[in-house]
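J.: 3D, please:
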Amino acid sequence: MVREIYLRTIAPVRIRAALAALCAAACIPAFAGGVDTSAGEWPTYGGDLYSRKYSPLDQITGENFSKLQIAWRWKSADDWISKTVVGGEWWTKSTPVFDDLQKDNDKRWRGGLAPRLAGLKATPLMVGGVLYMTTALYQAAAIDAKTGETLWVFNPKSYEVGTPTMSIFWNHRGPAYWSDGTQERIYWG
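T.: Below is the predicted model:
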């Protein structure tokens, strides 16, 4: 009797679950890495979801590499930041802000070390002709890829709270991009 109940109830559930998992696994290759980088887009950390780190662009070659010139430079938003103060924001270079925050709380940063702006190791993403970048201070910026113009910057002011929990003294790898075809998001942490 127990075996008969098992066969009628549990076994069909396991078979349906296994079939659903098999169907889902068969669909993953069609969607997971299918990002085209041939137009210069770089929507994920590794270029595509397979992290191939490959682009078929061929404009730069061994023959013309020595003739390349700088088109533009971008100055990180980390150089000029704000501190929340009574009545608003105090805007200045980052070093005086760090010094002032350290005076307020000498245990604010792990190991007593203020944020290191030289720790920038993030890979920018490019979607729709816009570069999305995160800085060493966890600010996010959108930059016009053709002109280098900063389109926007968002500063969560994580430096006011202290060293981020999941970092090695202000190191991280950059943002992530998501779209459902209608809405778009940039995530970082």
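J.: CA atoms for contacts and neighbours, from now on please.
T.: OK.
J.: list the contacts for Ser179?
T.: Contact partners of Ser179, counting by C-alpha atoms under 8 Å, 6 or more residues apart in numbering, are Arg185.
J.: please renumber so the chain begins at 82
T.: Shifting the count to begin at 82 puts that one at Ser260.
J.: per-residue confidence at it?
T.: Per-residue confidence at Ser260 stands at 89 (pLDDT).
J.: Next: the one 5 residues further on.
T.: On the pLDDT scale, Glu265 is placed at 91.
J.: I'd guessed it sits against Tyr258; true?
T.: Yes: between Glu265 and Tyr258 there is a contact at 7.4 Å, judged by C-alpha atoms under 8 Å.
J.: give me every residue that touches Trp155.
T.: Trp155 makes contact with Gly229, Glu230, according to C-alpha under 8 Å, 6+ apart.
J.: if we go to 10 Å?
T.: Neighbouring residues of Trp155 by C-alpha atoms under 10 Å, 6 or more residues apart in numbering: Ile224, Thr228, Gly229, Glu230, Thr231.
J.: Next, give phi and psi for it.
T.: When read as degrees, to the nearest 10, the backbone of Trp155 gives phi -110, psi 130.
J.: State the pLDDT value of it.
T.: For Trp155, the pLDDT comes out at 92.
J.: can you check Thr165 too?
T.: Model confidence at Thr165, given as pLDDT, is 90.
J.: part of a strand, is it?
T.: Yes: under DSSP: H, G, I helix; E, B strand; the rest coil, Thr165 falls within a strand.
J.: where exactly do the helices run in the chain?
T.: 83-112, 175-185, 239-242 (DSSP state H).
J.: and those helices, which one is worst for confidence?
T.: Across the helices of the chain, helix 83-112 has the smallest mean pLDDT, namely a mean of 50.
J.: show me where the protein has strands.
T.: With DSSP state E, the ranges of strands along the chain come out as 161-166, 169-174, 206-208, 211-215, 221-225, 231-235, 257-260, 265-268.
J.: Give the buried residues for the fifth one.
T.: Just to be clear, that refers to strand 221-225. Ala221, Ala222, Ala223, Ile224, Asp225 (16 or more other C-alpha atoms under 10 Å).
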